[in-house]
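> Here's my sequence, what's the structure:
(one chain, ligands or ions: 1)
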Amino acid sequence: MPAVGPDVAEAGVSRSLLFVPADSEKKLAKARGVNADALILDLEDSVAASAKKAARQIARGFIAEGFAAELWVRINPLDTSDALDDLREIMPAAPFGIVLPKPRGARDANQLAKLLEVLEQENNIPPGRTKILPVATERPSALFHMQDYADATPRLAGLTWGAEDLSAAVGATACRDTDGRWLAPYELARSLCLFAASAAGVPAVDTVYTDFKDLEGLAHYACNARRDGFEGMLAIHPEQVDVINEAFRPSAEEIARAERIVGLFAENPDAGALGMDGEMIDRPHWLQAKRILKTAARLN
Ligand code: 1VU
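Numbering: from 1, shown residues only. A predicted model of the protein is given here:
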């Protein structure tokens, strides 16, 4: 069976990435007890302009204290003066990575990578250590450049997407229908994020489920996200975290089936297609099985 090709994401990513407004010491304290794979300390939309300075300092202190999970910081968009202020304040604490909102395209991720190069040097951080996760679809023009992420900075750790800013930008009055499903323009943005991430060889992370009281709806949404190929999901509330973690964990049945598929091809190294339980299995099934086993191994 041929090796995994460039269109299959190799890197693993966190399943649950919880946003925490960085100006809220109360929420930050709460986040320490949450089982999220990653926290995103937010300096952007959830923090009022008047609170940004204090939020930067709080975020820096929180990161410096250390934490078991990955610590990301969502800075302000790169074409605002706040972005540089954010980076200067938080880089001495050496966060795991930077979440980049409203990028104009991969060129903003590349520009951020250059800034990080300097700031890492200034702060004695190993070069290239700080990762980048763009929220890739928040500007309409960015949708026309999604393929550029395939040649972007090696700091790229994944791609995620957002609908709210995109819908505001085009003047829409809603991005979901009355049943909570994405309307067509936002399904397109979600799909572009998925395919651009795959083409770039990085994991795709699905966006927030804003109805934070509806955990049943979230479970359903997150299972579908995993089915579609997303490897994790953004969260906005502590109660969403366990639901997301569970949804992105392969089931025992899936693992058993994946082991059988990989085993069958190992026993038949020259076969392109094989039969299993009356169904044809070939390279895509083998790739999918390998991915399931890799995820399962990472989560053990
Ligand atoms: O039990 P306690 O009173 O001690 O704590 C409350 C509350 O403070 C805490 N909590 C959180 N802790 C950490 N991180 C959070 N994100 C968080 N949210 C709440 O949990 C306890 C219960 O909270 P609640 O159910 O009473 O909810 P609240 O009314 O306090 O808060 C609701 C909102 C939505 C405001 C809150 O969950 C929040 O601030 N979420 C994050 C918002 C955010 O960062 N937005 C950026 C979105 S990014 C995006 O859209 C990109 C695509």
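
> tell me the average confidence for whichever helix or strand I40 is part of?
Following DSSP states H and E, one finds I40 within strand 38-42. Per-residue pLDDT values over strand 38-42 give a mean of 98.

> So which bits of that strand are buried?
Neighbour counts over strand 38-42 (16 or more other C-beta atoms under 10 Å) mark A38, L39, I40, L41, D42 as buried. Backbone N, C-alpha and C define where each C-beta goes, glycine included.

> Mind listing residues that contact the helix or strand following that strand?
From strand 38-42 onward toward the C-terminus, using DSSP H and E, the following helix or strand is helix 52-65. If you take C-beta atoms under 8 Å, 6 or more residues apart in numbering as the criterion, helix 52-65 is touched by 21-23, 25, 28, 41, 43, 47, 71, 73, 76, 82, 85-86, 89-90, 92-95.

> Alpha carbons of helix 52-65, as CSV, please.
Output of helix 52-65 as CSV, limited to C-alpha atoms (Å, rounded to 0.1, in the frame of the first residue of the first chain):
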residue,chain,number,x,y,z
LYS,A,52,-7.0,44.9,26.2
LYS,A,53,-3.9,46.3,28.0
ALA,A,54,-4.8,44.5,31.3
ALA,A,55,-5.8,41.4,29.4
ARG,A,56,-2.4,41.1,27.8
GLN,A,57,-0.7,41.3,31.2
ILE,A,58,-3.1,38.7,32.7
ALA,A,59,-2.5,36.4,29.8
ARG,A,60,1.3,36.7,30.1
GLY,A,61,1.1,35.9,33.8
PHE,A,62,-1.2,32.9,33.2
ILE,A,63,1.1,31.4,30.6
ALA,A,64,4.2,32.1,32.8
GLU,A,65,2.6,30.1,35.6
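
> Would you mind getting the angle between it and strand 38-42?
150 degrees (axes from the mean of the first three to the mean of the last three C-alpha atoms, to 10 degrees).

> got the residues of the stretch 201-300 of the chain near the ligand?
Contact residues (C-beta under 6 Å from any ligand atom) of the stretch 201-300 of the chain with the ligand: T207, V208, F212, L234, I236, H237, P238.

> let's see it at 5 Å
Residues of the stretch 201-300 of the chain lying close to the ligand by C-beta under 5 Å from any ligand atom are T207, V208, I236, H237.

> Is the second one in contact with A235, as I believe?
Yes. Judged on C-beta atoms under 8 Å, V208 makes contact with A235 at a distance of 7.0 Å.

> Spit out the residues that contact the two alike.
Common contact partners of V208 and A235 (C-beta under 8 Å, 6+ apart): F19.

> Export the residues of the stretch 201-300 of the chain next to the ligand to JSON lines and append columns for neighbour count, pLDDT and secondary structure.
Output for these, formatted as JSON lines (neighbours: other C-beta atoms under 10 Å; pLDDT from 0 to 100; DSSP: H, G, I helix; E, B strand; the rest coil):
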{"residue": "T207", "neighbour count": "22", "pLDDT": "98", "secondary structure": "coil"}
{"residue": "V208", "neighbour count": "19", "pLDDT": "98", "secondary structure": "coil"}
{"residue": "I236", "neighbour count": "18", "pLDDT": "98", "secondary structure": "coil"}
{"residue": "H237", "neighbour count": "18", "pLDDT": "98", "secondary structure": "coil"}
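
> now the residues you listed as TSV including distance to V170?
Shown next, in TSV, are these (distance: C-beta to C-beta, whole Å):
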residue	distance to V170
T207	16
V208	19
I236	23
H237	27
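
> now for those residues, which pair is the farthest apart?
Pairwise distances across these (C-beta to C-beta) peak at 14.2 Å, for the pair T207 and H237.
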